[in-house]
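Student: Here is a sequence with its predicted model. Questions after.
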Amino acid sequence: MNSSKSLLLFLSLGSLLGAQTAPSPLVTQKCAPCHGPDLNGVGGVFPSLLSSKVVKQGGLDAVVKFITYGSPPDSQSLVKMPAKGGHLDLTDEQIKQIAEEVIEHAVAYKPAKVSPN
Ligand code: HEC
């Protein structure tokens, strides 16, 4: 198999998808069911992780904390996030890895242009 050809295919697929890397299997399994396959939120109920203030500006510790404990006590959200998204088998190491990845996706995310009105 010609590896430069498959690399090319991979690259052009990537540009079709807006050059954003897809979430890893871990994030897809543990976070995407609520936050959407692209982590960009679902139905105004599950917030986008790509444009999330916590993810974009909170730093690693804040994201790790949110994942570990779920919704904070002062959450105004109609729907709360359970601790670890309900996946109590996640280790601290996995949570850190997930947090780092989610931050990476959020940093790389360029929101689609919206009209100024
Ligand atoms: C069972 C559904 C569910 C799963 C699974 C889930 N979340 Fe959430 N998540 C939510 C809901 C609902 C909120 C809004 C909670 C709130 O604001 O109190 C939320 C909020 C968040 C926020 C804060 C966003 C913001 O800006 O307010 C972060 C960060 C987050 N989730 C990360 C994750 C990560 C990472 C995973 C995967 C380990 C994950 N979530 C899995 C339901 C889920």
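Tutor: Yep, that arrived. Being a predicted model, the structure only gives us computed values, none of them experimental.
Student: where does the protein have low pLDDT?
Tutor: Along the chain, the model assigns pLDDT under 70 to residues 1-20, 117.
Student: remind me, longest helix of it?
Tutor: Among the segments of the chain that qualify as a helix by DSSP state H, the longest is helix 92-108.
Student: Which residues of the chain lie near the ligand?
Tutor: 30-31, 33-35, 46-47, 49, 52-55, 63, 66-67, 71, 75, 77, 79-82, 85-86, 98, 102 (C-beta under 6 Å from any ligand atom). For every residue, glycine as well, the C-beta is placed using N, CA and C.
Student: Now which of these would you call buried?
Tutor: 30-31, 34-35, 46-47, 49, 52, 54-55, 63, 66-67, 81, 85, 98, 102 (16 or more other C-beta atoms under 10 Å).
Student: Which of these fall within helices?
Tutor: Checking those against DSSP H, those in helices are 30, 34-35, 54-55, 63, 66-67, 98, 102.
Student: Contacts for stretch 33-52, please.
Tutor: 20, 22-23, 27-28, 31-32, 55, 77-79, 81, 85, 102, 105-106, 109, 111 (C-beta atoms under 8 Å, 6 or more residues apart in numbering).
Student: re the thing from before, got TSV for the ones in helices among the buried ones among the residues of the chain next to the ligand, with distance to Gly41 too?
Tutor: Output for those, formatted as TSV (distance: C-beta to C-beta, whole Å):
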residue	distance to Gly41
Lys30	16
Cys34	9
His35	6
Val54	13
Val55	12
Val63	16
Phe66	15
Ile67	16
Ile98	17
Val102	13
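Student: contacts for stretch 95-110?
Tutor: Under C-beta under 8 Å, 6+ apart, the answer for stretch 95-110 is 18, 20-21, 23-24, 26-27, 30-31, 39-40, 49-52, 55-56, 60, 63-64, 67-68, 84, 90.
Student: for stretch 71-80, same thing?
Tutor: Here stretch 71-80 has contacts from 45-47, 66, 70, 81-82, using C-beta under 8 Å, 6+ apart.
Student: Could you rerun that using 10 Å?
Tutor: 34, 43-47, 54, 65-66, 70, 81-83 (C-beta atoms under 10 Å, 6 or more residues apart in numbering).
Student: Farthest-apart pair in the residues you listed, please.
Tutor: Gly43 and Lys65 (25.3 Å; C-beta to C-beta).
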